[in-house]
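the following block contains a protein sequence and its predicted model.
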Amino acid sequence: MPNAKVLEQKKAVVAELTEAMKNATTGVLVDYKGIRVDADTKLRTELRKAGVSYKVVKNTLMRRAIQGIGLEGLAPVLDGTTALAVSDDAVAPAKILSEYAKKTGDKFKIKAGFVEGRVISPAEVQALADLPPREVLIAQVLAGFNAPISGLVNVLNGNLRGLVVALNAIAEKKSA
């Protein structure tokens, strides 16, 4: 049995993991086996710039952290090397880690993820990564709102144009 000091440290790590996962909008679990230190440093820098928290976690501590917060579906992927990336941005961790996984090939794999308390598969993490940036999505929604209004203006404009042409033809006919 571990001594009291080590046990308290592990409890603190579990509490920290639990709190980070509860407060995060999105999280992604990855298998990082075989990547070089310089590549990992670049990845961590890129994640930090995007506001993503990334840390290597022990599977046993992660199993304890996911109990009771509705993420028990992550337990089957907790084998081998595991790192956790969490963020308030719904897309950033998935996008950055998916790009990195494409670059490194078999050395870096996405195991699973979660979005707002729901466990998602690696394919769903990839689908999340493929979403366009937030600004583009907002622009698409606004364009969708604008389209019916533009159509109505064109229809009304067409009717007015037709009326003006008809009145002009009548005026020309009467003047002739």
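Perfect, I can see it now.

surely Gly113 touches Ala24?
No: between Gly113 and Ala24 no contact is recorded; they are 10.6 Å apart, counting by C-beta atoms under 8 Å. Where C-beta positions appear, they are placed from N, C-alpha and C, glycine not excepted.

between those two, which one's more packed in?
For Gly113 versus Ala24, the count of surrounding residues by other C-beta atoms under 10 Å is larger for Gly113: 28 against 22.

adjacent strands (with direction) for the helix or strand hosting the more buried one?
In this assignment (DSSP states H and E), Gly113 forms part of strand 109-115. Here the strand partners of strand 109-115, with direction, are listed using DSSP bridges: strand 26-31 (antiparallel), strand 118-120 (antiparallel).

dump those strands to TSV, plus mean neighbour count and mean pLDDT.
Shown next, in TSV, are the strands paired with strand 109-115 (neighbours: other C-beta atoms under 10 Å; pLDDT from 0 to 100):
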stretch	mean neighbour count	mean pLDDT
strand 26-31	25	90
strand 118-120	17	86
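
mind checking these for the one nearest to Gly80?
Using C-beta to C-beta as the criterion, the shortest distance between Gly80 and the strands paired with strand 109-115 is 5.4 Å, found for strand 26-31.

where in the protein is the helix or strand with the lowest mean pLDDT?
Of all regular secondary-structure elements in the chain, judged by mean pLDDT, DSSP states H and E, the least confident is helix 134-175 with a mean of 73.

what's the domain layout of the protein?
If you go by automatic domain parsing, the domain ranges for the chain are 4-131, 132-176.

which residue is nearest the middle of the protein?
Note on the chain: the residue nearest the mean C-alpha position is Val91, at 1.8 Å, using C-alpha atoms, centre = their mean.

quick one, what contacts it?
With contact taken as C-beta atoms under 8 Å, 6 or more residues apart in numbering, Val91 is in contact with Thr26, Leu128, Ala129, Leu131, Pro133, Arg134.
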